[in-house]
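Colleague: Would you be able to build a 3D model of this:
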Amino acid sequence: MDRRSLLTAGAGLAAGSALVAAQSPEALAQAPAAIRSRLQTVQQNGTLRCGTTGDFNPMSFRDPTTRELRGHQIDCANRLAADLGVKVEFVPTTWPTLISGLTANQYDIVTTGTSMSVARMKASAFTIPWGRNAFLPLARKDAAAKFKTWDDVNSPNTTVGFNLGTTMEQFVTSELPKAKVRRVESPVRDFQELLAGRVDVTITSLVEGSQLVVEHPNLTMVLQDTPKNSIPLCFMSAIDDLVWLNFLNNWVILRQASGFFDELNDKYKLVLHKG
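Modeller: Predicted coordinates for the structure are as follows:
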């Protein structure tokens, strides 16, 4: 395809997205199946289906008293649904099945605090980032002094824990090849293995680690001056629905401009990577 054709196609996609957004529910119901996107079906059905894990504080977690879902990403889902004029439905999922749930059309968007990765990009779409995260080791305070550099973590004498299906799994495999590993499967979390003494460190994110050290005072984040793997935090959607992705991208832009994300980040005391 030449440059002129690419520009024409791009203009057509943008115009089509704007047209879809302006249609009434009655008109949406009449749209041919070939051009109907999740933007149309969400409005037509009156429900935004959000896949979420409920195990990632402060992003998506269960209130210990009420068992209701709470968190940064839950608030995002509620706001997105309100802006669309629909109700929200939270669909339980797990980290290893995030993408298969999208592919099977079990939900319209993933709202659980996902970060972008090449492996995920092969089978799902990502919105523009709303923030950035980074990785660093989490250790017990009584053993933290052993880890002065990343080489101390990437050692045959160190056992590193991580949850299957997360970007931490990919990071440990590629960046810490010398370390012993302990793979943890949901609903068990890797930091629980650390608390139990079955691993020496886990690889956590700035976002989650800042919460875990408050909840568990015997844990600490190490190497905070040299975090690795600065990655965008985004919402995930189906790879084959560009109209829906275009809408979500523009929604992120509007809500960033309105200060919504800044207020939400302050509310949940998020520690984000500035690099």
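Colleague: Please count neighbours and contacts with C-alpha atoms only from this point.
Modeller: Fine.
Colleague: Let me see the contact set for the closest residue in space to residue 86 that isn't next to it in sequence.
Modeller: Sequence neighbours aside, residue 46 is the residue nearest to residue 86 in space, at 4.7 Å (criterion: C-alpha to C-alpha, 6 or more residues apart in numbering). The neighbours of residue 46, taking C-alpha atoms under 8 Å, 6 or more residues apart in numbering as the test, are 85-87.
Colleague: Pipe the residues you listed into a markdown table and attach pLDDT per row.
Modeller: Formatted as a markdown table, those follow (pLDDT from 0 to 100):
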| residue | pLDDT |
| --- | --- |
| 85 | 98 |
| 86 | 98 |
| 87 | 98 |
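Colleague: I'd guess residue 134 is in a strand, am I close?
Modeller: Yes. Judged by DSSP: H, G, I helix; E, B strand; the rest coil, residue 134 forms part of a strand.
Colleague: Start the count at 225 instead of 1 going forward.
Modeller: Sure, I'll start counting at 225 from here, so that last one is residue 358.
Colleague: what residues are up against it?
Modeller: 429-430, 451-455, 496-497.
Colleague: And the helices in the stretch 375-499 of the chain, which stretches?
Modeller: Secondary structure of the stretch 375-499 of the chain (DSSP state H, counting those that start in this stretch): helices located at 391-399, 414-419, 430-439, 466-482, 484-491.
Colleague: mind checking how far the spatially most central residue of the chain is from residue 461?
Modeller: When C-alpha atoms, centre = their mean is applied to the chain, the residue found nearest the centroid is residue 338 (1.2 Å). According to C-alpha to C-alpha, to the nearest Å, residue 338 stands 11 Å off from residue 461.
Colleague: can you check residue 298 too?
Modeller: Applying C-alpha to C-alpha, the value for residue 298 to residue 461 is 16 Å.
Colleague: Which one's more surrounded, those two?
Modeller: Taking neighbours as other C-alpha atoms under 10 Å, residue 298 and residue 461 compare with residue 461 leading, 29 against 23.
Colleague: Look up the residues forming beta bridges with the more buried one.
Modeller: Assessed by DSSP bridges, residue 461 has beta-bridge partners residue 349.
Colleague: shouldn't it be in contact with residue 326?
Modeller: Yes. At 6.7 Å, residue 461 counts as touching residue 326 under the criterion of C-alpha atoms under 8 Å.
Colleague: In three-state terms, label residue 369 for me.
Modeller: What three-state DSSP gives for residue 369 is helix.
Colleague: which residues in the stretch 225-374 of the chain form strands?
Modeller: 271-276, 279-280, 284-286, 293-294, 311-316, 333-334, 349-350, 355-364 (DSSP state E, counting those that start in this stretch).
Colleague: Least reliable of those strands by average pLDDT, please.
Modeller: Among the strands of the stretch 225-374 of the chain, strand 279-280 carries the lowest mean pLDDT, at a mean of 90.
Colleague: what residues does that one touch?
Modeller: 285-286, 336-337, 411, 432.
Colleague: can you do 7 Å?
Modeller: residue 285 (C-alpha atoms under 7 Å, 6 or more residues apart in numbering).
Colleague: Adjacent strands (with direction) for it?
Modeller: Counting by DSSP bridges, strand 279-280 is paired with strand 284-286 (antiparallel).
Colleague: now, which of the contacts of residue 358 lie within strands?
Modeller: 429, 452-455 (DSSP state E).
Colleague: Which members of those residues are classed as buried?
Modeller: Among these, those buried by neighbour count (16 or more other C-alpha atoms under 10 Å) are 429, 452, 454-455.
Colleague: wait, isn't residue 427 in contact with residue 377?
Modeller: No. Using C-alpha atoms under 7 Å, residue 427 makes no contact with residue 377, being 9.8 Å away.
Colleague: From residue 411, how far off is the residue nearest to the centre of the chain?
Modeller: Going from residue 338 to residue 411 by C-alpha to C-alpha gives 17 Å.
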